[in-house]
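Novice: Fold the following for me, if possible:
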Amino acid sequence: MRAPSRSDEPSRAGESHPGELQPTPSRPASYLHLTRAVLYREYLVFVRYPANAVGGIVISLFFFGVLFFGGQMVAGQALTDSIEGIIVGYFLWTLSVGAYSSISNDIGSDVQWGTLERHVMTPFGFAPVALLKGVAKIVRTFLISSVILAVMILVTGTTLALHLPTIVVVATLSIVSVLGLGLAAGGITVLYKQIGNWLNLLQFGFVVLVSAPAFDLGWMRALPLAHGSTLLQQAMVEGIRLWEFSLVDLSILLAVAVVYLVGGYLVFEYATARARRLGVLGDY
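Specialist: Numbers count the residues shown, from 1 in each chain. Modelled structure (predicted):
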């Protein structure tokens, strides 16, 4: 008989190896495990379906190409003079669409595939899982939109102020409000199943919100994306750093993000609870 190796010895109670983050009976799963699992799932979806991932980038660049080259033919110098604002606005729009559609599209797919109940039965609850999946989508969307931004700058020959901390903070807080809308849309998707046409219609409304700085309407700062678009334009076009913004502007940006995220979370909780009461949670 061979001598037992170290791998055959039972592990001591409470003993863990360096870097081991797997849940055990003595150490239940935590939000750290959930976050790692959700991010890893997003990574796998990206690398195992590269054609779809690259296709999203190509489509976004195609629409920008139509906007840029078609606009040059129609507007000429007028488009060239405002190209920096168009690039920043399109960058924010791609981020917002990714943040908004992440939760609703994922939930719609889970409903059709019959895997929705797995999220409901987790010890964390349905809403935290959906929220973290949305955050993972935002991370992925940031990477993809950064590639799109780099290509747009190269194609147009435009120079922008790319101060990374300022862009990340302002853009993240801007699209957090849209993530709240995505949570609300996800909850309504659970309840009514097929609302894809309405969800797609709202995405085009983001164009108006991103273009809010051009209208200079004060009350629009309370809407998602509007105030964030103004600050992002100032950061990337005028070179204003995060600490150079006024406390009022940053407070409004943070308040809008928190209000819409909390509101969307509450709508999601209410809609999923109602779906349970009606017995239509997993129906399709």
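Novice: Could you pull out the buried residues of stretch 204-213?
Specialist: Of all the residues in stretch 204-213, those buried under the rule 16 or more other CB atoms under 10 Å are 206, 209-213. No exception for glycine: its C-beta is placed from N, CA and C like everyone else's.
Novice: Below-threshold pLDDT in this protein: ranges please.
Specialist: Within the chain, the segments meeting pLDDT under 70 span 1-29, 71-81, 111, 114, 194-196, 213-217, 280-284.
Novice: if we go to 50?
Specialist: 1-21 (pLDDT under 50).
Novice: what ranges do the helices span in it?
Specialist: Under the criterion DSSP state H, helices of the chain are mapped to 31-48, 50-74, 77-81, 83-113, 116-120, 126-156, 164-192, 196-210, 212-215, 226-237, 247-278.
Novice: Next, the angle helix 126-156 makes with the longest one.
Specialist: With axes from the mean of the first three to the mean of the last three CA atoms, to 10 degrees as the basis, helix 247-278 and helix 126-156 are set at 130 degrees to each other.
Novice: helices and strands around helix 247-278, which ones?
Specialist: helix 126-156, helix 164-192, helix 226-237 (3 or more CB pairs under 8 Å, 6 or more residues apart in numbering; DSSP states H and E).
Novice: Make a markdown table out of the ones you listed and add mean neighbour count and distance to residue 102.
Specialist: As requested, these are exported to a markdown table (neighbours: other CB atoms under 10 Å; distance: least, CB to CB, whole Å):
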| stretch | mean neighbour count | distance to residue 102 |
| --- | --- | --- |
| helix 126-156 | 18 | 3 |
| helix 164-192 | 23 | 6 |
| helix 226-237 | 23 | 18 |
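Novice: about what we covered before: just name the closest of the buried residues of stretch 204-213 to residue 149, please.
Specialist: residue 210 (14.2 Å; CB to CB).
Novice: ok, so what distance separates the closest one from residue 228?
Specialist: Look at residue 210 and residue 228: by CB to CB, to the nearest Å, they are 9 Å apart.
Novice: Then residue 34?
Specialist: Residue 34 is 28 Å from residue 228, by CB to CB.
Novice: what do you get for residue 44?
Specialist: 31 Å.
Novice: Next: residue 255.
Specialist: Applying CB to CB to residue 255 and residue 228 gives a distance of 12 Å.
Novice: do the same with residue 262
Specialist: Counting by CB to CB - residue 262 and residue 228 are separated by 17 Å.
Novice: Alright, I will stop here.
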